[in-house]
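**Student:** Predicted model and sequence follow; I will ask about them next.
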Amino acid sequence: MQDGTIAVSERHAAGRYRGPARLMHWLVALIVLCMIPVGIAMGRINSGPLQDWLFYLHEAFGFTVFVLVLIRLAYRVTHKPPPLPLSVPRWQRIASEAVHSALYVLLLAQPFIGWFGASAYGAPVSIFGLFTLPALVAKNEPLSDAIFTIHDYVGFTIAGLLAIHIGAALMHGLFQKDGVLQRMWPP
């Protein structure tokens, strides 16, 4: 395993993603699946400490998702994912690639859209109290409203893509039983 030969052959034999890829996948999944309802709730509750706390968490975890997705993409460039089983039809391979690519793009864009909107609103974006992101634009509440509308639509698009992704994974795991779900399933 020192030269990588055993790890590569094991990966292809088992058809599973390596541990770091699975860990990053599930961390991002957990965070995003929690952020969607928090994002909806924080916009619907009255102003006050609870709403401020939800915004704080949403912004900090949004930044965390951005960093994790960047790390995941760098890892993916250096560690090729295992091939899909040959039984997976071409149209499903294309759909899978399209959904994954869209998720990567949107999970990288969404934190910037939120940061831009918060900047235009005039609100600082603190990352777990460790540092504050610099404002991207001067305060402009009408611009902030427009940006947060885009942020909402992108969030719902991410939720829709996740539903497709989860549905496809469950279809492969529960009905087709072709090993696709097990490729990313935790050990």
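**Tutor:** Sure thing, it's come through.

**Student:** The longest helix along the chain: which residues count as buried?
**Tutor:** Among all segments of the chain classified by DSSP state H, the helix with the greatest residue count is helix 90-121. Within helix 90-121, the residues scored as buried using 16 or more other CB atoms under 10 Å are 92, 96, 99, 102-103, 106-107, 110-111, 113-121. C-beta: built from backbone N, CA, C; applies to glycine.

**Student:** and that helix, what other elements does it pack with?
**Tutor:** helix 49-78, strand 125-127, helix 141-170 (3 or more CB pairs under 8 Å, 6 or more residues apart in numbering; DSSP states H and E).

**Student:** residue contacts, Trp185?
**Tutor:** Contacts of Trp185 were listed using CB atoms under 8 Å, 6 or more residues apart in numbering, and they are Arg22, Gly173.

**Student:** helix, strand or coil for it?
**Tutor:** At Trp185, secondary structure determined by DSSP: H, G, I helix; E, B strand; the rest coil is coil.

**Student:** low pLDDT regions in this structure?
**Tutor:** 1-14 (pLDDT under 70).

**Student:** Go again with 90.
**Tutor:** For the chain, the stretches with pLDDT under 90 are 1-15, 43, 186-187.

**Student:** coming back round to it: what's the angle from the longest helix of the chain to helix 141-170?
**Tutor:** Orientation check (axes from the mean of the first three to the mean of the last three CA atoms, to 10 degrees): helix 90-121 against helix 141-170 gives 150 degrees.

**Student:** from the middle of its chain, how far away would helix 90-121 be?
**Tutor:** 8 Å (CA atoms, centre = their mean, to the nearest Å).

**Student:** and what of stretch 116-136?
**Tutor:** 20 Å.

**Student:** With stretch 65-81 instead?
**Tutor:** Using CA atoms, centre = their mean, the distance between the centre of stretch 65-81 and that of its chain works out at 11 Å.

**Student:** Same question for stretch 175-187.
**Tutor:** Computed by CA atoms, centre = their mean, the chain-centroid distance of stretch 175-187 equals 20 Å.
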